[in-house]
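Peer 1: coords below, sequence missing:
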């Protein structure tokens, strides 16, 4: 678990980490059987690998990954694995096109047990969640409007709640 030193009190503060990622660029809807089966383009796979490298440079090793079961999110996740290790995987159907509120509830539940969580999902929910945390962190201008494909944002939390996030890093393809 990452630690943060409070110089005023001399106490180590245990932190939690949340990594939010929108799936990378997917093939056109007309190229797949249905929306759920859309995979990544070659650019999408390249962007996912690049995101994984940026996240790995931060020393991030998620304990659990919450991934929408859609093909494009699972493929994005598989591209991240070489750089991020092999976290426990949960892919509940509830994350397929989940709202910002649903993603927030899933994150809070996971943070009760795990120190570092990765979430791979869809817009508008994933972008909404990332923008909400950036606003709470006081840096909304750090994220682009719309949260493009393969966007990844890392926040640290001093507690298991989401009220005081700190932006650690971001990746935008």
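Peer 2: Yes, it's here. As the structure is a computational prediction, the values presented were derived from the model and not from experiment. Residues are numbered from 1 along each chain as shown.

Peer 1: middle-most residue in this structure, spatially?
Peer 2: residue 20 (1.7 Å; CA atoms, centre = their mean).

Peer 1: And the helix or strand harbouring it, what does it pack against?
Peer 2: Using DSSP states H and E, residue 20 falls within strand 16-22. If you count contacts as 3 or more CB pairs under 8 Å, 6 or more residues apart in numbering; DSSP states H and E, strand 16-22 packs onto helix 100-111, strand 116-121, helix 125-136, strand 152-157. No exception for glycine: its C-beta is placed from N, CA and C like everyone else's.

Peer 1: Show me what the last one pairs with in its sheet, parallel or antiparallel.
Peer 2: Read that as strand 152-157. strand 16-22 (antiparallel), strand 165-171 (antiparallel) (DSSP bridges).

Peer 1: Show me the shaky parts of this protein.
Peer 2: For the chain, the stretches with pLDDT under 70 are 1-14, 160.

Peer 1: longest single helix anywhere in it?
Peer 2: Secondary structure of the chain read by DSSP state H shows that its longest helix is helix 42-57.

Peer 1: Pull out the buried positions in that helix.
Peer 2: 44, 45, 46, 47, 48, 49, 50, 51, 52, 54, 55 (16 or more other CB atoms under 10 Å).

Peer 1: Same question for stretch 32-44.
Peer 2: Buried-residue list, stretch 32-44, by 16+ other CB under 10 Å: 38, 39, 40, 41, 44.

Peer 1: And for stretch 162-173?
Peer 2: For stretch 162-173, using 16+ other CB under 10 Å, the buried residues are 162, 165, 166, 167, 168, 170, 171, 172, 173.

Peer 1: Reformat those residues as a markdown table; add distance to residue 103.
Peer 2: Output for the buried residues of stretch 162-173, formatted as a markdown table (distance: CB to CB, whole Å):
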| residue | distance to residue 103 |
| --- | --- |
| 162 | 11 |
| 165 | 14 |
| 166 | 19 |
| 167 | 17 |
| 168 | 18 |
| 170 | 17 |
| 171 | 18 |
| 172 | 19 |
| 173 | 20 |
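
Peer 1: Identify the farthest-apart pair in those residues.
Peer 2: For the buried residues of stretch 162-173, the maximum inter-member distance is 25.2 Å, found between 162 and 173 (CB to CB).

Peer 1: And stretch 87-100, what's buried?
Peer 2: For stretch 87-100, by 16+ other CB under 10 Å, it's 87, 91, 95, 96, 97, 98, 100.

Peer 1: How about stretch 127-134?
Peer 2: So for stretch 127-134, counting by 16+ other CB under 10 Å, buried means 127, 128, 129, 130, 131, 132, 133, 134.
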